[in-house]
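# Can you look at this prediction? I've put the sequence above it.
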Amino acid sequence: MQPSPDLIAQLEQSTDQLKRARLRNMQGLAVGLLLLAALVFAVARSQRGGHPAWGYVEAFAEAAMVGAIADWFAVVALFRHPLGIALWHTAIIPNSKTDIGRSLGAFVENHFITEQGIAERIVQADPAARLGDWLAQPAHAQQFASASAGLARQLLAMADHDTVGRLLREQASSYLGQLNLSQVADDCIDALIADGKPQELLDFLLDRSAAYLDDERHHAAIGDFVLGAFQIENALVKKALKAYEPRMLASLQKLAVAVRVDPQHPLRQRIAGWIADSALHLKADPHWQVTLRRYQLQLIASDTLQATLGTLWEHIRTRLLADLHAEQPVLAQAIASLARKTGLVLGADAAARQWLNDAIVTGSGALVRHYRGEVGAFIAGRLDLWSKEEMSERIELAIGRDLQFIRINGTIVGGMAGLLIYALSHAF
């Protein structure tokens, strides 16, 4: 669970308060050492004639005060004007805010956001192995699938369905237009002939035809079809054909049965020859190919097919939404199964892990090359949002406590240097 923004703000505020208190304590210690040096100097100064040792004490205390004041000035000048006096080259950090932002951004770009550094870190982390271990757990695979299904619902809700439907229709039309239908039909016919499917299909059609002809309910419709096909209007001829209709139907049924039971029937051979001849025409006859291509393009451009393709996305979206809102979406189950299998493969196959890690390294290198220049600009832009006072305060809270040791060390080292100079001056 991610912490709330309010909680993060409270934690940052508490951290700043703690840093500010520690900074004040160190500042008090540094000031205390300065005051102690001043007190020691005053006592030693007043007792200078009483004993020679007081001269050494006075020299130490005097130099300690000088060191303390000098280092106080140096530390304070980083963040503000000492005593509010705008001396030259003071308040260095707030006055150099823009330069600091650019320099910090360039430093991060040149020394942290590098292809080699990121690639080495990726290799050390071995993300493929970690991903495999995570996905191999059924609960994690299901979690990934649920998240993916939720994302799919959101994408479907946000999608511009008119645009998606139009793009899908255009892509489908383009694909159908690029399809070499002559080659596809030829390949299908060759495959059907190799498997004996034309004869099986013929057997099926003959069975259905014989059953249709045997059903008296269809005889009237068949007779009307024959009359209409020959456009017979003469009543006498119609009556004669009607009288001949039972014999015609019986003959047709007899022919269907005869072809069905005889694998070597001449009609079968003619049909097989026609199919083989059609395959040859599709393969080698330019006229057939051009004609089929023309019919193909006419069909693709027809309003009926375009309307059908236009509703394709709506049918897909309806099915997806129905599945995604079910208690156990099929899509989520498929994603979970695929995710777990992927995890198991990554766990067992070192080559697969190496391939994925290499792909991540390659992708990260491309991202670094593309966005590296934006990192420095982002850092500089974020620092530009701070005021001079805010930036100075943040930096002082971060490193100000450590800078007080400069003042403390300056007090002690200054005193030691003064003592040494005083001793040498009296020794020689």
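Thanks, I have it. In this text the structure is predicted, and so the values were computed from the model without any measurement. Residues are numbered from 1 along each chain as shown.
# Tell me who's in contact with S337.
A141 (Cβ atoms under 8 Å, 6 or more residues apart in numbering). Yep, even glycine has a C-beta here, placed from its N, CA and C like the rest.
# and it, backbone torsions?
Taking degrees, to the nearest 10, you get phi -60, psi -40 for the backbone angles of S337.
# again with H51
Dihedral angles of H51 (phi, psi; degrees, to the nearest 10) stand at phi -160, psi 140.
# By mean pLDDT, flag the weakest helix or strand of this protein.
Least confident helix or strand, the chain: helix 219-230 with a mean of 70, by mean pLDDT, DSSP states H and E.
# Hmm, Q199 and A272 touching each other?
Yes: counting by Cβ atoms under 8 Å, A272 touches Q199, with 7.3 Å between them.
# Can you report how many residues neighbour N95?
When counting by other Cβ atoms under 10 Å, one arrives at 14 neighbours for N95.
# Skipping adjacent residues, who's closest to it in space?
Nearest residue to N95, sequence neighbours excluded (Cβ to Cβ, 6 or more residues apart in numbering): K388, at 7.4 Å.
# tell me the pLDDT at the one you found?
Reading off the confidence values, K388 has pLDDT 84.
# Who are the contact partners of it?
K388 touches 94-95, 97, counting by Cβ under 8 Å, 6+ apart.
# how about a cut-off of 10 Å?
79-80, 91, 93-98 (Cβ atoms under 10 Å, 6 or more residues apart in numbering).
# repeat for I92
So I92 contacts 77-80, 100, 392 (Cβ under 10 Å, 6+ apart).
# quick one: low-confidence ranges for the stretch 201-350 of the chain?
Residue ranges of the stretch 201-350 of the chain with pLDDT under 70: 201-202, 226-232, 237-238, 241, 282.
# what about the helices in it?
219-230, 235-261, 266-284, 286-301, 303-310, 312-324, 330-348, 350-384 (DSSP state H, counting those that start in this stretch).
# Against which helices or strands is the longest one packed?
Right, the one you point to is helix 350-384. For helix 350-384, the packing partners by 3 or more Cβ pairs under 10 Å, 6 or more residues apart in numbering; DSSP states H and E come out as helix 97-111, helix 115-125, helix 127-135, helix 330-348, helix 388-427.
# what's the closest of those helices to R48?
Comparison of the helices and strands packed on helix 350-384 against R48 by Cβ to Cβ identifies helix 388-427 as nearest, at 12.0 Å.
# Go through this protein and flag its longest helix.
helix 5-46 (DSSP state H).
# hmm, back to that, could the helices and strands packed on helix 350-384 go into a markdown table alongside distance to L267?
Converted to a markdown table, those look like this (distance: least, Cβ to Cβ, whole Å):
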| stretch | distance to L267 |
| --- | --- |
| helix 97-111 | 82 |
| helix 115-125 | 71 |
| helix 127-135 | 60 |
| helix 330-348 | 48 |
| helix 388-427 | 95 |
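# mind checking which of the ones you listed is nearest A220?
helix 330-348 (48.5 Å).
# would you put the C-alpha positions of the closest one in CSV?
This file holds the C-alpha atoms of helix 330-348, laid out as CSV (Å, rounded to 0.1, in the frame of the first residue of the first chain):
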residue,chain,number,x,y,z
VAL,A,330,-11.7,-16.0,-19.7
LEU,A,331,-9.2,-13.3,-20.7
ALA,A,332,-7.9,-13.0,-17.1
GLN,A,333,-7.6,-16.7,-16.8
ALA,A,334,-5.7,-16.9,-20.1
ILE,A,335,-3.4,-14.1,-19.0
ALA,A,336,-2.8,-15.8,-15.6
SER,A,337,-1.9,-19.1,-17.3
LEU,A,338,0.4,-17.4,-19.8
ALA,A,339,2.1,-15.4,-17.0
ARG,A,340,2.7,-18.4,-14.8
LYS,A,341,4.1,-20.4,-17.8
THR,A,342,6.3,-17.5,-18.6
GLY,A,343,7.6,-17.4,-15.1
LEU,A,344,8.3,-21.2,-15.1
VAL,A,345,10.2,-20.8,-18.4
LEU,A,346,12.3,-17.9,-17.1
GLY,A,347,13.1,-19.9,-14.0
ALA,A,348,14.2,-23.0,-15.9
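# quick one: buried residues of that helix?
331-332, 335-336, 339-340, 342-343, 346-347 (16 or more other Cβ atoms under 10 Å).
# quick revisit: among the contacts of I92, which one lies nearest to A279?
The closest of those to A279 turns out to be I100 (Cβ to Cβ; 78.7 Å).
# Neighbours of that closest one, how many?
17.
# give the contact list for it.
92-94, 380, 383, 391, 395.
# Over to L87. Which of the three states is it?
coil (DSSP: H, G, I helix; E, B strand; the rest coil).
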